[in-house]
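Peer 1: Here is a sequence together with a model predicted from it:
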Amino acid sequence: MSEEYARRLLHNAITLVKSGEPDSARKYLERLFMSSRDHDMLANGWFYMSEIATELTEKRKALEEALSYNMTHARARRALAVLDGRLNNDEVINPDAILAPSMNDLQGNAERFTCPNCGGRMSFAPDGQALVCEYCSSGGGIGSASETTEEQDFFTAMATLRGHRSPVARQVFHCDGCGAEFLLPPDTISAVCGYCASPHVVSLEKTRELLDPDAIIPHTFDKRRATQLLVEWVQENNFTPQGKVLPPRGFYLPVWTFDIIGTIGYNGQRYKEDDLGFQKKMVMKTERGDYPVYIDDFVIPASHEREEHVPRLIKTYDLRKAKPYDARYLSNWPAEAYEIALGDASLEARSQAYKEYKRKVEMDISYLTNIKTSSANLAIDSYKLLMLPIWMTTYPYEGKEQIVLINGQNGTVQGQIPNSKQAKPNGGILSWLDDLLEF
């Protein structure tokens with residue numbers, strides 16, 4: 001049977017489902033399953049079969065069938081997430097009426113870390129292992145039974161406000177240490193109380209509109225080591241900053257990582273030999289195909305800050321060493337919240353991935369001419385919000401502040417190098433860093 005006939009069957013079935021005639025719709029869908037070979041139509045058919053299912057086991061089977069034909073079928077994945085309890089129906093948004101972000105201050109959930117022995121302030125030690133008291137030096141390990149970070153389902157997140165919003169309103173916190181209330185700017189998720197100096201980490205998930213981090217790569221060295229790396233980088237590039245250089249500042253930087261799956265559809269032309277009666281002739285033929293795509297952890301910065309320099313540094317991290325997020329890692333360490341919403345970041349990831357794979361397709365099928373490609377079957381499968389350790393400072397040169405970033409995992413330095421380098425003074429390259437090395 002023709003695919004046009006199958007399309008009519010699906011159209012009639014959908015009309016009957018929406019009209020509240022499930023028995024008649026079921027008959028059309030059963031005929032569709034026997035007549036069509038088109039995976040997209042079969043996936044849609046099984047989804048609508050789930051809509052008229054009367055038992056949970058039948059509904060689950062229909063949704064799983066839909067995903068077996070199209071694993072990125074958004075409505076089937078969302079329905080299965082609701083069935084599994086991973087998504088609350090009340091959280092699902094109406095795409096035609098998404099509420100504007102709140103501009104009011106929010107009462108956030110802040111967690112305070114104090115020493116169980118002396119009540120002193122606990123800070124995360126830059127060894128990737130423990131919280132350490134700054135007063136009595138007692139500590140406790142950080143880690144979970146499983147060190148494997150879990151990907152989050154993209155389709156489920158995009159069904160809620162959390163997939164579309166970024167921090168706007170300020171967070172208001174009540175300090176459990178001294179009772180003071182303080183404001184946390186929308187670009188940070190950790191802070192130190194201005195009165196008692198106790199560190200606080202906010203759980204963004206408590207707002208129900210924002211997403212907590214999923215994974216983190218902990219800092220592995222302290223400010224002294226970061227300063228040494230800065231000195232070595234300046235020496236290696238043989239120039240002298242023209243003024244005071246501040247010590248590197250350590251913090252966590254948010255990035256989105258996406259798993260991208262699907263195919264790049266392509267078509268092109270080439271000459272092929274064809275039989276025309278009693279003679280053979282070269283004729284132009286059109287060829288079509290699908291180029292498979294699977295990308296693990298495609299990284300998109302989650303902030304507009306330092307966007308000229310951060311992408312290059314991101315490539316130097318070993319993302320395989322990320323740990324499951326634990327708020328204790330941020331104790332006494334500044335951390336930025338994401339300002340680019342999940343939905344916006346996913347569009348950028350998909351666009352960049354398509355451009356990258358389009359070049360691969362054109363190289364691999366260079367025997368075709370007039371190549372055209374399509375990203376229609378390219379989809380985001382899952383995501384993580386990942387916190388990366390970073391050190392940053394600036395140095396003055398020719399009237400401008402030049403940025404230097406240091407990878408807090410492995411010490412890679414990425415910075416702006418002056419075009420015209422000033423000769424070193426007699427005092428040596430370290431003369432401008434005397435103040436830095438005294439702390």
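Peer 2: Nice, thanks for sending it over.
Peer 1: C-alpha only now, for contacts and for neighbours.
Peer 2: OK.
Peer 1: Spit out the contact partners of Ser36.
Peer 2: Contacts for Ser36 were tallied using C-alpha atoms under 8 Å, 6 or more residues apart in numbering; they are Met1, Ser2, Glu3, Ala6, Leu42.
Peer 1: What about Lys355, how many residues nearby?
Peer 2: Under the neighbour criterion other C-alpha atoms under 10 Å, Lys355 is assigned a count of 11.
Peer 1: what's the helix or strand containing it packed up against?
Peer 2: Taking DSSP states H and E as the definition, one finds Lys355 inside helix 342-364. Helix 342-364 sits against strand 249-276, strand 279-301, strand 378-397, with contacts defined as 3 or more C-alpha pairs under 8 Å, 6 or more residues apart in numbering; DSSP states H and E.
Peer 1: Comparing the ones you listed, which comes out most buried?
Peer 2: Highest mean neighbour count among the helices and strands packed on helix 342-364 (mean count of other C-alpha atoms under 10 Å): strand 378-397, with a mean of 22.
Peer 1: Parallel or antiparallel, which strands does the next helix or strand after it pair with?
Peer 2: Under the assignment DSSP H and E, the closest C-terminal helix or strand after strand 378-397 is strand 400-407. Using DSSP bridges, the strands paired with strand 400-407 are strand 378-397 (antiparallel), strand 413-415 (antiparallel).
Peer 1: Tabulate the helices and strands packed on helix 342-364 (JSON lines), appending mean pLDDT.
Peer 2: Conversion of those to JSON lines gives the following (pLDDT from 0 to 100):
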{"stretch": "strand 249-276", "mean pLDDT": "87"}
{"stretch": "strand 279-301", "mean pLDDT": "88"}
{"stretch": "strand 378-397", "mean pLDDT": "88"}
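Peer 1: Just put the ones you listed in CSV and tack on distance to Val234.
Peer 2: Formatted as CSV, the entries for the helices and strands packed on helix 342-364 read as follows, by distance: least, C-alpha to C-alpha, whole Å:
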stretch, distance to Val234
strand 249-276, 17
strand 279-301, 27
strand 378-397, 11
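Peer 1: Mind checking these for the one nearest to Gly85?
Peer 2: Gly85 lies closest, by C-alpha to C-alpha, to one member of these: strand 378-397, at 17.8 Å.
Peer 1: before we move on, the earlier item: in CSV: the strands paired with strand 400-407, plus distance to Ser331.
Peer 2: As requested, the strands paired with strand 400-407 are exported to CSV (distance: least, C-alpha to C-alpha, whole Å):
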stretch, distance to Ser331
strand 378-397, 13
strand 413-415, 25
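Peer 1: circling back: any idea of the angle the helix holding Lys355 forms with strand 378-397?
Peer 2: Using axes from the mean of the first three to the mean of the last three C-alpha atoms, to 10 degrees, one finds that helix 342-364 and strand 378-397 are set 100 degrees apart in direction.
Peer 1: Which residues does helix 342-364 contact?
Peer 2: 158, 162-165, 256, 258, 260, 264, 291, 293, 298-300, 302, 371, 373, 375, 378-380.
Peer 1: by how many degrees do that helix and strand 249-276 diverge?
Peer 2: Going by the same axes, to 10 degrees, helix 342-364 makes 40 degrees with strand 249-276.
Peer 1: Counting neighbours, which of the contacts of Ser36 comes out on top?
Peer 2: For these, the largest number of neighbours (other C-alpha under 10 Å) sits with Leu42, at 25 neighbours.
Peer 1: What are the neighbouring residues in contact with Tyr317?
Peer 2: For Tyr317, the residues meeting the contact criterion (C-alpha under 8 Å, 6+ apart) are Asn407, Gln409, Asn410.
Peer 1: can you tell me which of these lies nearest to Asn332?
Peer 2: Using C-alpha to C-alpha, Gln409 is the member of the contacts of Tyr317 that lies nearest Asn332, at 17.7 Å.
Peer 1: How many neighbouring residues does that closest one have?
Peer 2: By the other C-alpha under 10 Å criterion, the neighbourhood of Gln409 contains 22 residues.
Peer 1: same deal with Glu21?
Peer 2: Under the criterion other C-alpha under 10 Å, the count of neighbours that Glu21 has is 14.
Peer 1: I'd like the distance between it and Glu58.
Peer 2: Using C-alpha to C-alpha, to the nearest Å, one gets 18 Å for the distance from Glu21 to Glu58.
Peer 1: likewise Ala66?
Peer 2: Taken as C-alpha to C-alpha, the span from Ala66 to Glu58 is 12 Å.
Peer 1: In terms of neighbours, single out the busier of these two.
Peer 2: Relative neighbour count places Ala66 above the other of Ala66 and Glu58, with 28 against 14, counting by other C-alpha under 10 Å.
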